[in-house]
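> Provided below for reference: sequence and predicted model.
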Amino acid sequence: MATVFKMDVNRRDSKIKARKFRNEKLIPAEVYGPALKENKHLNIPYKELESMLEKVSETTLIELNVKGVNGEEKVRCFVKSVQRHKVSDQPIHVDFYVPEEGRKMHLRIPLEFEGEPVGVTQGGYLNTYVHEIPVAILPSDIVDSIKVDISELKMGESLFVSDIKNLLPESAEALLEDEEIVISVIEPKAAEEVAEETEETEEEEISEPEVIEEKTPQDMKEE
């Protein structure tokens, strides 16, 4: 089951421009989703929001205690998106999503790899391709992470999506192909080749100039 993070927030008058609230160190937020009849407009103190964002992830269930003139209301939701300032990278807006029970939602669950692979002790290198697995899942089945035992992986062996599907919560449907590689133990020579290929690709991307085609009189006429 997902971790629950609790937080007190205040309702916001949507008719007042967001800039005014940001000047007061209050970050505007929206709460929406199929389980709500109408969106909720909120203000969250900047420091409290920063603290929350350091502790939660996409799979963290958040319980908002919404305070307003008509009293308090508890809303259970997930962080949908965070808009940040292009220069300072500080949060300037947050969207929360309230799912409908019985209806699947899409999110990414982090993978936690446990154990040291046999192949690594033999001199191999561990190469991770998938750190988070995208799934369609019922809200009640969401977990913080999925633990994957990789201690039995030998040199040259890999784990595929099909190998970890049995570790997913009951309602979870993996949104990756079964044959996609999750993690591998690569032989030293193969690891060097992969590194060299990556360096060559990066050099080509840097050194290769952008090609700008010269326009013909006909092209200019068509424009």
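Thanks, I have the structure now. Fair warning: this is a prediction, and the values are worked out from it, not measured in the lab.
> Dump the longest strand along the chain to PDB, restricted to CA.
In the chain, with assignment by DSSP state E, the single longest strand is strand 71-84. Taking C-alpha atoms only, strand 71-84 is exported to PDB below (Å, rounded to 0.1, in the frame of the first residue of the first chain):
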ATOM      1  CA  GLY A  71     -15.200  24.300   7.300                       C
ATOM      2  CA  GLU A  72     -12.700  21.600   6.500                       C
ATOM      3  CA  GLU A  73     -12.700  18.800   4.000                       C
ATOM      4  CA  LYS A  74     -10.300  15.900   3.500                       C
ATOM      5  CA  VAL A  75      -9.300  15.000  -0.100                       C
ATOM      6  CA  ARG A  76      -7.100  12.000  -1.000                       C
ATOM      7  CA  CYS A  77      -5.100  12.500  -4.100                       C
ATOM      8  CA  PHE A  78      -1.700  12.100  -5.900                       C
ATOM      9  CA  VAL A  79       0.700  14.700  -7.300                       C
ATOM     10  CA  LYS A  80      -0.100  14.900 -11.000                       C
ATOM     11  CA  SER A  81       2.400  17.600 -12.200                       C
ATOM     12  CA  VAL A  82       4.600  20.400 -10.800                       C
ATOM     13  CA  GLN A  83       5.200  23.500 -12.800                       C
ATOM     14  CA  ARG A  84       8.600  25.200 -12.000                       C
END
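> what's the next secondary structure element after that strand?
strand 91-97 (DSSP states H and E).
> And that following strand, how far out from the chain middle?
How far strand 91-97 lies from its chain's middle: 14 Å, per C-alpha atoms, centre = their mean, to the nearest Å.
> which other residues reach it?
Applying C-beta atoms under 8 Å, 6 or more residues apart in numbering, the set of residues contacting strand 91-97 from outside is 18, 22, 27-33, 44, 46, 49-50, 53, 62, 64, 75, 77-85, 105. C-beta: built from backbone N, CA, C; applies to glycine.
> Following the chain past that strand, name the next helix or strand.
Immediately after strand 91-97, counting by DSSP H and E, sits strand 105-114.
> tell me the mean pLDDT over that following strand?
Confidence for strand 105-114, expressed as mean pLDDT, is 95.
> For the next helix or strand after it, list the C-alpha coordinates in PDB.
Remark: after strand 105-114, the chain's next helix or strand is helix 118-121, criterion DSSP H and E. The C-alpha trace of helix 118-121 is given here as PDB (Å, rounded to 0.1, in the frame of the first residue of the first chain):
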ATOM      1  CA  VAL A 118      26.400 -13.700  -9.100                       C
ATOM      2  CA  GLY A 119      27.600 -12.300 -12.400                       C
ATOM      3  CA  VAL A 120      28.900  -9.100 -10.800                       C
ATOM      4  CA  THR A 121      31.000 -11.100  -8.300                       C
END
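> okay, now the domains of this protein?
Domain segmentation of the chain under automatic domain parsing yields 4-97, 105-206.
> mean pLDDT lowest for which of those?
domain 105-206 (a mean of 88).
> Give me the distance from it to the chain's centre.
Averaged over its C-alpha atoms, domain 105-206 has a centre that lies 16 Å from its chain's centre (C-alpha atoms, centre = their mean).
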